[in-house]
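Colleague: coordinates for the following, if possible.
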Amino acid sequence: MTNRKKKIILVQFAIFFLATFLLYNTYHDKDKKSEIMITETETVTDPNANNFTDIQYSGFDLNGNRYTLNAGSANFKTDTPESINMKNVQANFYLKDDTILKVTSRSGLYNNLTLDMNFREDVKATYSSNTLYSDLLNYSNSSGKLLASGNVRGESVEKGEFTADKVEYNLSNKTLDFSMLGNKQVNIKIKN
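Modeller: Numbers count the residues shown, from 1 in each chain. Below you'll find the model as predicted:
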């Protein structure tokens, strides 16, 4: 055998062993990667939860006011289907005197049995020319009241502005009750 043939056979064996080694490592690791991917998928999805996008609820509260509740996404646990967790929330309350109360927040909770609503994170409520900002706003259907708390401040084009720890708004008689925690006072700036 010539020297040239020996080199060709040696190169062919080297290529064969390299190809075999690469194929083995590729398919041997593939099974392990598949198991890891399945494990990651199982941790991301919760079999006890249902997820929705672009949802809308509508109805009438106990005071006869119509409302719509929209969310960009929502989910609920199968063991508590009445509690709907929502993201990017917008609610409209169409009051009997043909005025509209609009509430927006980054997250919220809706109980589809009691019709109670909880708005959280960057809450903004707009009614006529009045705007209220807070960290938390709870709507109690049974009492027909909205309770804002956490960094509450309000602005009115005609009347001025205020800051308080808690503000309660009664939907039926349209009254506001302000309160502060401890010895602090409610701050109100009235426009002339």
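Colleague: run through the protein and note the low-pLDDT ranges.
Modeller: Counting by pLDDT under 70, the chain has low-confidence residues at 23-46, 182, 184-192.
Colleague: show me where it has strands.
Modeller: Using DSSP state E, the strands of the chain run over 49-60, 66-77, 83-94, 100-111, 117-127, 130-140, 145-156, 160-170, 175-179, 187-190.
Colleague: ok, and what's touching the fourth one?
Modeller: Residues from elsewhere that reach strand 100-111 (Cβ atoms under 8 Å, 6 or more residues apart in numbering): 57, 69, 71, 74, 82-95, 116-127, 137, 139, 171. Backbone N, C-alpha and C define where each C-beta goes, glycine included.
Colleague: of those, buried ones?
Modeller: 57, 69, 71, 74, 83-86, 89-93, 95, 116-120, 123, 125, 127, 137, 139, 171 (16 or more other Cβ atoms under 10 Å).
Colleague: how much space is there between Ala71 and Tyr57?
Modeller: Distance from Ala71 to Tyr57, counting by Cβ to Cβ, to the nearest Å: 8 Å.
Colleague: how long is stretch 100-120 end to end?
Modeller: 20 Å (Cα to Cα, to the nearest Å).
Colleague: buried residues in that stretch?
Modeller: By neighbour count with 16+ other Cβ under 10 Å, stretch 100-120 contains the buried residues 101, 103-105, 107-110, 115-120.
Colleague: number of residues surrounding Tyr67?
Modeller: Neighbour count for Tyr67, taken as other Cβ atoms under 10 Å: 20.
Colleague: check contacts around it.
Modeller: Taking Cβ under 8 Å, 6+ apart, we find Tyr67 in contact with 58-61, 91-94.
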